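Engineer: Model the following, please.
(chains A and B)
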2 protein chains.
Amino acid sequence: MSDEPRRKLLAEKTPFPDGLDERLRAQLTFLVEVDRLKTVLRQSPLAAADRRENDAEHSWHLAMMVGVLAEHSDRPVDVGHTVQLVLVHDLVEIYAGDTPLYDSAAGADQEEREAAAADELFGLLPDDQARRMRALWDEFEERRTPEARFAKAMDRLQPLLLNWMARGGTWRTPGVTADDVRARKAVIGDASGSLWEAGRRLIDEGEQRGWARTSPGE
Amino acid sequence: MSDEPRRKLLAEKTPFPDGLDERLRAQLTFLVEVDRLKTVLRQSPLAAADRRENDAEHSWHLAMMVGVLAEHSDRPVDVGHTVQLVLVHDLVEIYAGDTPLYDSAAGADQEEREAAAADELFGLLPDDQARRMRALWDEFEERRTPEARFAKAMDRLQPLLLNWMARGGTWRTPGVTADDVRARKAVIGDASGSLWEAGRRLIDEGEQRGWARTSPGE
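Structural biologist: Coordinates of the predicted model:
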């Protein structure tokens, strides 16, 4: 990376005045930079307006879902920690971009791009906080704790709800079938049997109504 | 309220299929309804794009700020609880609308409108969760706990950062002076001396650069 020109930070457009404590300056620089998450567009259509959702809105929505739906987790979860996971889970997309769920090609080098983005973005913070943020993101990605599995379930259930509201939404992506949707959403069941049952109910009903395509040969 | 026609819920546009558990159905109805927060526009300009911020993005940003800046609180705060406060603090604006900080007229009946909105919105949830959500919102509004004061400080500091990035932003509202900005932002100091010192530094510097008006007679 050393021969690449350094990315210009948002905070460099209007540099903070002299006299701020260095640690606070690093924190504010990071907090201004993450404003970019509001400009990373997802595929999902909003339920409340005719436009696509952005990552910041999505992350807030997941945090709300954790608070309301945590009781459906098959294993006890620490709600506050799960909220932390969903709040930071998409931050790397600030530099790596959103990878659509039904786009296998873009998924190929996703891991590498996102790891580099994590180094760059979290590296703006003081070291101790950079490590903490990285640990949260790693935990979400590795899905080994009940909290990470529930956070991932919310990340899959939320667009499912939005697609239901849109009577199809990204389920109508060319080449995608209801079976594809079921396969991509099945991780909800790793965290919550009851939520996956409800999610499957929406997909089944969507297929019956023609909002998701039935696989050829069925 | 009983003679007013009931508001149509977002979830009624595409009703959930039969066979969902009633408690889960209420939770999902609420979680779809709060999608509206993404359409409530604030006055603040984004740092990362040339448009105004919405309440959902703003709430997410506050939650990030709590995680990074909590160490600056003058009193110890429970980070997870403070995050819960900022995530729900603007929900009532879904029905009551955003009240601009520098608009005294709109502020007059704000409390009444927001309390009615809270009853209506939180009432979509199962009773125990409605009470919990209402308690969080009341705690934020009353500002009696260290967590509520720190949450409020973030709510004031975040647009201050965005206005700094925009070289004025809403500080340039006609009739508003740098002294007005200082007065509205002083509550940051109720939670954190060091963050209020930094915030005042930005306002002072903004005034010197002509991004905020100096009061007549000074």
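Engineer: Just name the shakiest helix or strand of chain A by mean pLDDT.
Structural biologist: Lowest by mean pLDDT, DSSP states H and E among the helices and strands of chain A is helix A:104-107, with a mean of 71.
Engineer: in chain A, which spans are helices?
Structural biologist: A:22-33, A:55-69, A:79-88, A:93-96, A:104-107, A:110-122, A:127-142, A:146-165, A:178-185, A:188-191, A:193-208 (DSSP state H).
Engineer: Quickly, which of the ones you listed bottoms out on average pLDDT?
Structural biologist: Among these, helix A:104-107 carries the lowest mean pLDDT, a mean of 71.
Engineer: what are the C-alpha coordinates of it, in PDB please?
Structural biologist: Listed next in PDB are the C-alpha coordinates belonging to helix A:104-107 (Å, rounded to 0.1, in the frame of the first residue of the first chain):
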ATOM      1  CA  SER A 104     -21.300 -13.800  -6.800                       C
ATOM      2  CA  ALA A 105     -18.600 -12.100  -9.000                       C
ATOM      3  CA  ALA A 106     -18.300  -9.100  -6.700                       C
ATOM      4  CA  GLY A 107     -18.100 -11.500  -3.700                       C
END
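Engineer: who touches it?
Structural biologist: A:T99, A:P100 (CB atoms under 8 Å, 6 or more residues apart in numbering or on different chains). C-beta coordinates here come from the backbone N, C-alpha and C atoms, glycine included.
Engineer: how far does that helix sit from the chain's center?
Structural biologist: Taking CA atoms, centre = their mean, to the nearest Å, one finds the center of helix A:104-107 at 16 Å from the center of the full chain.
Engineer: Please name the residues that touch A:L24.
Structural biologist: Taking CB under 8 Å, 6+ apart as the test, what A:L24 contacts is B:H72, B:S194, B:L195, B:A198.
Engineer: would you turn those into JSON lines with distance to A:Q84?
Structural biologist: Below are the contacts of A:L24 laid out as JSON lines (distance: CB to CB, whole Å):
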{"residue": "B:H72", "distance to A:Q84": "18"}
{"residue": "B:S194", "distance to A:Q84": "23"}
{"residue": "B:L195", "distance to A:Q84": "21"}
{"residue": "B:A198", "distance to A:Q84": "24"}
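Engineer: Please list which of these also come close to chain A.
Structural biologist: For chain A, the contacts drawn from these by CB under 8 Å from any CB of the partner chain are B:H72, B:S194, B:L195, B:A198.
Engineer: just to revisit the earlier point, how about a markdown table for the helices of chain A, with distance to B:D35 added?
Structural biologist: Below are the helices of chain A laid out as a markdown table (distance: least, CB to CB, whole Å):
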| stretch | distance to B:D35 |
| --- | --- |
| helix A:22-33 | 25 |
| helix A:55-69 | 7 |
| helix A:79-88 | 16 |
| helix A:93-96 | 20 |
| helix A:104-107 | 26 |
| helix A:110-122 | 27 |
| helix A:127-142 | 23 |
| helix A:146-165 | 8 |
| helix A:178-185 | 19 |
| helix A:188-191 | 19 |
| helix A:193-208 | 16 |
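Engineer: Out of those helices, which gets nearest to B:L87?
Structural biologist: helix A:55-69 (5.3 Å; CB to CB).
Engineer: How about that closest one and chain B, any contact?
Structural biologist: Yes - Helix A:55-69 reaches chain B (CB under 8 Å from any CB) through A:A56, A:E57, A:S59, A:W60, A:H61, A:A63, A:M64, A:M65, A:G67, A:V68, A:L69.
Engineer: with those in mind, which one is nearest to A:R131?
Structural biologist: A:S59 (20.8 Å).
Engineer: Run a quick check on that closest one versus B:H61, I expect a contact.
Structural biologist: No - using CB atoms under 8 Å as the test, A:S59 is too far from B:H61 to be in contact (9.9 Å).
Engineer: and these two? which has more neighbours close in?
Structural biologist: B:H61 (29 against 26; other CB atoms under 10 Å in any protein chain shown).
Engineer: Apart from its neighbours in sequence, what residue is nearest the more buried one?
Structural biologist: In this structure, B:H61 finds its nearest non-sequential neighbour in B:Q158, 5.6 Å apart by CB to CB, 6 or more residues apart in numbering or on different chains.
Engineer: What is the neighbour count of that neighbour?
Structural biologist: That count, for B:Q158 with other CB under 10 Å as the rule, works out to 22.
Engineer: Just list the residues touching it, thanks.
Structural biologist: Applying CB under 8 Å, 6+ apart, the residues contacting B:Q158 are B:S44, B:H58, B:H61, B:L62, B:M65.
Engineer: quick check, nearest of these to A:R132?
Structural biologist: Once CB to CB is applied, the member of the contacts of B:Q158 that ends up nearest A:R132 is B:M65, at 14.8 Å.
Engineer: Return the set of buried residues in the least confident helix or strand of chain A.
Structural biologist: For helix A:104-107, a neighbour-count test (16 or more other CB atoms under 10 Å in any protein chain shown) marks nothing as buried.
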